[in-house]
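Colleague: sharing a model prediction with you, sequence too.
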Amino acid sequence: MSANQQYGYGVRSAGRFVRFDLSDGEGLATMKELRGEWRHAYFPGVSTGAEWLIYGACPADQHDHGTSDYEIFIVRLKNWREAGDPVRLTFNSRTDRWPKLFVADAVLATLKAEADAAPSAK
């Protein structure tokens, strides 16, 4: 749920995150659809202010939520759409799930300034 409680978010299918308007339950819109090796993605979390999406993803040939090699990724959001490429945060063979994103205001401002100054990856 967004900080203003206007939007909710969730998983429509493996690797397809969606947001929806809580006022009417309508308007499912894809926030992120993953491709490539790490495309089985679940456990999304959105930061306060809806500026970051954090999630767990495993290789396409794995799926079990208890034993698969889930890793944690983060991507910046702008208007509930990805703004840049995901960054992988974990690198181990254990199952990383249910990430939480707690960012202090000063750190968030620094990350935002750095992301704004970076050349576009697209």
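Modeller: In hand now; what should we look at?
Colleague: going forward, measure contacts and count neighbours with C-alpha atoms only.
Modeller: Will do.
Colleague: mind listing the strands for this protein?
Modeller: For the chain, strands defined by DSSP state E occupy the ranges 7-13, 16-21, 29-33, 40-46, 52-58, 71-78, 81-82, 87-88.
Colleague: so what's the residue most central in space within the chain up against?
Modeller: A centroid search over the chain (Cα atoms, centre = their mean) returns residue 53, at 3.0 Å, as the residue closest to the centre. Shown in contact with residue 53 (Cα atoms under 8 Å, 6 or more residues apart in numbering): 44, 45, 46, 47, 74, 75, 76, 77.
Colleague: state the distance from it to residue 24.
Modeller: Counting by Cα to Cα, to the nearest Å, the separation of residue 53 from residue 24 is 23 Å.
Colleague: returning to what we had before: winner for burial among the strands of the chain?
Modeller: When the strands of the chain are scored by mean count of other Cα atoms under 10 Å, the highest mean neighbour count falls to strand 52-58 (a mean of 25).
Colleague: in its sheet, what does that strand sit against?
Modeller: Strands that pair with strand 52-58, judged by DSSP bridges, come out as strand 40-46 (antiparallel), strand 71-78 (antiparallel).
Colleague: before we move on, the earlier item: looking at the sheet around the residue nearest to the centre of the chain, what are its partners?
Modeller: In this structure, residue 53 bridges to residue 46, residue 75 when assessed by DSSP bridges.
Colleague: residue numbering should commence at 49 henceforth.
Modeller: Okay, residue one is now 49; in that scheme the one you just asked about reads as residue 101.
Colleague: ranking helices and strands of this protein by mean pLDDT, which lands last?
Modeller: In the chain, no helix or strand scores lower on mean pLDDT, DSSP states H and E than strand 77-81, which sits at a mean of 64.
Colleague: returning to that earlier point: would you turn the strands of the chain into CSV with distance to residue 148?
Modeller: Below are the strands of the chain laid out as CSV (distance: least, Cα to Cα, whole Å):
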stretch, distance to residue 148
strand 55-61, 15
strand 64-69, 16
strand 77-81, 18
strand 88-94, 7
strand 100-106, 7
strand 119-126, 10
strand 129-130, 18
strand 135-136, 14
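Colleague: nearest to residue 163, of those?
Modeller: Counting by Cα to Cα, residue 163 lies closest to strand 119-126 out of the strands of the chain; the figure is 8.2 Å.
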